[in-house]
Structure formats: C-alpha cells, structure tokens
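In: let's see this in three dimensions:
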Amino acid sequence: MLLVHTQKVTPRVSYTFKQICKRILGLDVDLTSKIETFIAHDGPKFSYGKQPLGKELYFQSVDLLFEHGLNDVDVQVSKWEDTMCFFDVKHEISALPYDIFAASFYLLTRYEEYLPHVKDAMGRFPATESIACQYGFLQDPVVDIWAFKFMKIILEKYPNLEFEQRKFSIMPILAVSETFAYKNKGILRSIGGGIRDLWNLKLDEFTDRFRTLLGLKKDPYDIFDFVIDLQKNKKRKAKVLFGIGDYSNYEKNIGYNKPQHRTVIKHIGDYVDVGLKASYEAVCELTVLKKEKERIESILNRKLKYSMCSFFKIKLPEAYRNFIELEVGEDYSMGYSENSGFRAGTCTPFMFYDLDYEVQTPLVVYSFCFSNLGQREDKSTEEEVRSELNAYMDRIKEVKGTFIPVFGNTLFSDIYHQSFWKSIFKFIWDIDNG
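Out: Below is the predicted model of the structure:
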C-alpha cells in the first residue's frame, strides 16, 4: 500500500488519487493529513502539497484539489517530454514538473464544461472549445500517460512496490437510432418515403424500400445477426444501445411497442449487453428519461445498466444526475460527435464527480475516442479508417487502457455508405486483447 500525506484530505484529493493509483495503476493508496502517521509509516510513501515535510519523495501541488466550487483556473499548456501538460510547479525538489493530479482532475471532471463557453447548434460543448483540441493533445489519453510517468518515479524510489497489471481491452459500442430503414414505419411514412425517393431520383432506394416491405429483402438497417454472429465466434464486451424515444424532430425510430421492434431488442439482448440510447428530449428531462428506462426494462425484463445520450449531448451535471437518480450504472456518451479523441483525456473508466456537490457519484463513465454513427456521408477510405483506429489502439496499448469505438447500425447498410464498414467492425472484433 502507498501512503500519501496531504495538507487536507478533500473529496477532490481522494477522488483523484484513487483514480490514478487504484483504477489506472492498480495500486492501493491511503491518504492522511497527520504528520505523525506519515512519519511512522515504514512502507512506500510520499507527500503532496505546497511544501515538503522533510526529505521524503515529494510532489508539489497547485490549489485546485483544495478548492470548492468553480473558480477561474489559469491553464497554460506546455510540452512535456513526449506529451503535453499543464499546472506547472516551481519547487526544485518536486518529483514532477507538473501537478498531474490537479490536471487529471480538471480533465476527468470536465471542469471546463462548467465554465462559460460557446455551444454548438445542438447546445453541446464542442471539441474546439476544449484545451485538448486547442493545444493538440485530444488524440492522446494524457491522464493515463501522466499516471505511467508517475509510476516510473515511484518505482525508482520503491523498486519492490507491486502494481496490479491491467490488460489492453476493446469494447465496441453499437448505437441504434433507427432499428429499421423501411419496416414498421406505417403507411403514411412508407408512402411519403417512396415519394421522396422518386422526387430525388433515388430509384435504387425506391426499389429496396418496396422489396423490403413486400418481404423480398431484409431491411438494410437490420444488421443485428451480423453482430450476434461476431459475439458467438469471439467473446467481447460489446454493447448495443437502442433509442426508443417518442418520434420527434430528433428521434426517428419506430414505436418501442411494435412487436418486431421488441423482438429484435430481445433477440440481441440474449447474446450482447443491451442498453438505452436516451433520446434528445430525455437527456435533461427526468420524467422522459424515466419513461424510456421503463420501456427498455419492460422489453429486456431486467434493470437498465448501460446508457448513452443521443448525439452525445451531455449537459453537465444535469444529464448525469438524472442517470444517477434512476440508478443507471454506466454511461457511454463521453466523446465528441464531430471529432475523434479523448474528451476526458483518458482511456480508463472513471466515476463521475459532481463539481456542484463536491462528491464522487456511483455513475461509471466510459470515454470513447472514435465514433461514426452513419448520420452523414463519410468520405474516408477503408485504409484511412484502419490507420486511424490502429493509431488509437497503439496509444491505448501503451497504457493498457480500454479502446472504445462507437458505430451506428445504419453505417453497415448499403444505402448511404461504403461497404467496408462491416469489414472495419469485424477487424476491431477480431483483435486480441493484449
């Protein structure tokens, strides 16, 4: 066990050290503000604060982990060896030139998203407003990189200290905005869609629509047997998240109570973990979210555990508070719609910390780094996509984290997109965990 002395054991200090030491590095850590306890401890230890106690291993702190609420934080990012960092410290005997604990807390809690910023057209925090994007480290899991630099320092001082080694893992996510392209849409929507196809001279889609409606062809969005076959052949912790919100300007899926819709959700739930893609309206409306949660639970006959906000519209802290209120255990929304990268600076799951209440919550947040929901025409080639995915996996393997890519089921259809996306999904599925 590692003992850390700090001037005050605040909720922020406790949260940050447990995330870095225990969840990322696999090392038990204890905290104390009592000097006599620290001196009496004959095992591995160090101090964290404004000044060292003596000649012990020492990491200088900035003020962030000892503050309450939101304050103006001076963030000046600079190059540090092979990465970037901020919150530099000046004490000559500090073991690291930056307060990586405060910097990690800033990114993990999404501190910057609570501060005034320019929202995009959908009311989201855009990647371009983040310091990670502005200073060019969005593509790096910097929190994990900093943690491994910290581990190196600790091992130089205490070479016999044992860390519980974790393994690189992959968790593909399939987000389902529309379960079917043509089936179960109702007479008016089907006729209207056919007329629109003809008006836009999309004759292939017009033909596919009515062949599907006549039962002569499988619906192009119904690719769930493909996912089930992958799951049968190679076990992986994939998730399929269904949108079952009411029809609106943002939500276009068929009714949750349609028998074929319920059958598909139940069927894939027998093989793969299934959760809820909360509708645009449900993200910050507790009553709507509760209704959608009850719907998915009635279909699956089990409690909802996995969730995602539609369009990755996370309004902090309200959206996550609502998930917590309804006892949802895990969220997979922590990423950007238009930009790949690590929104929270990490490839390790972490507990949501509520900055308003200054408390660690039970909601586990999984941060993805790549997404393509098939909502727009994608001009990438298969070679470019594979290269990008391999680059992310190489970075994540170095810190033994979790690679989470998010795809939309519509991406695997032959309506709008290149045919290689099924090959990409299979490629990810077939990679061995390190």
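
In: quick one: Met151 from Tyr158, how far?
Out: Distance, Met151 to Tyr158, by C-beta to C-beta, to the nearest Å: 11 Å. From N, CA and C alone the C-beta is placed, and that goes for glycine too.

In: quick one: low-confidence parts of this protein?
Out: For the chain, applying pLDDT under 70 flags the ranges 184-216, 375-378, 416-418, 433-434.

In: now do 50
Out: Counting by pLDDT under 50, the chain contains low-confidence residues at 376.

In: now do the contacts for the residue nearest to the spatial centre of it.
Out: Nearest to the mean C-alpha position of the chain, by C-alpha atoms, centre = their mean, lies Ser367 at 1.9 Å. With contact set as C-beta atoms under 8 Å, 6 or more residues apart in numbering, Ser367 has these partners: Met334, Gly335, Phe342, Arg343, Ala344, Thr346, Cys347, Pro349, Phe350, Ile404.

In: dump the residues you listed to a markdown table, plus neighbour count.
Out: What follows is these, written out as a markdown table (neighbours: other C-beta atoms under 10 Å):
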| residue | neighbour count |
| --- | --- |
| Met334 | 25 |
| Gly335 | 25 |
| Phe342 | 27 |
| Arg343 | 25 |
| Ala344 | 23 |
| Thr346 | 30 |
| Cys347 | 30 |
| Pro349 | 20 |
| Phe350 | 25 |
| Ile404 | 25 |
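
In: among these, which are in helices?
Out: Using DSSP state H, no member of these falls in helices.

In: can you redo those as CSV with distance to Phe163?
Out: Below are those laid out as CSV (distance: C-beta to C-beta, whole Å):
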residue, distance to Phe163
Met334, 25
Gly335, 28
Phe342, 22
Arg343, 27
Ala344, 22
Thr346, 17
Cys347, 17
Pro349, 18
Phe350, 18
Ile404, 23
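
In: looking at those residues, spot the one nearest Asp225.
Out: Asp225 lies nearest to Ile404 out of the contacts of Ser367, by C-beta to C-beta, at 23.2 Å.

In: what's the closest non-adjacent residue to the closest one?
Out: Phe368 (4.0 Å; C-beta to C-beta, 6 or more residues apart in numbering).

In: within the helices and strands, which one has Asp144?
Out: Using DSSP states H and E, Asp144 sits in helix 142-157.

In: for the next helix or strand after that helix, packing partners?
Out: For helix 142-157, the following helix or strand on the C-terminal side (DSSP H and E) is strand 169-170. Packing partners of strand 169-170 (3 or more C-beta pairs under 8 Å, 6 or more residues apart in numbering; DSSP states H and E): strand 402-403.

In: in its sheet, what does the helix or strand following the strand it packs on sit against?
Out: Note on strand 402-403: by DSSP H and E, the next helix or strand toward the C-terminus is strand 405-408. When pairing is defined by DSSP bridges, strand 405-408 lines up against strand 173-176 (parallel), strand 370-372 (parallel).

In: most tightly surrounded among those?
Out: Of the strands paired with strand 405-408, the one with the most neighbours on average (mean count of other C-beta atoms under 10 Å) is strand 173-176, at a mean of 24.

In: centre of the chain to it, how far?
Out: In this view, strand 173-176 has its centroid 13 Å away from the chain centroid, taken as C-alpha atoms, centre = their mean, to the nearest Å.

In: likewise for stretch 152-161?
Out: On the basis of C-alpha atoms, centre = their mean, stretch 152-161 is displaced by 31 Å from the centre of the chain it belongs to.

In: and that stretch, what's buried?
Out: Within stretch 152-161, the residues that qualify as buried are Ile154, counting by 16 or more other C-beta atoms under 10 Å.

In: gap between the two ends of that stretch?
Out: Terminal residues of stretch 152-161 lie 11 Å apart, using C-alpha to C-alpha, to the nearest Å.
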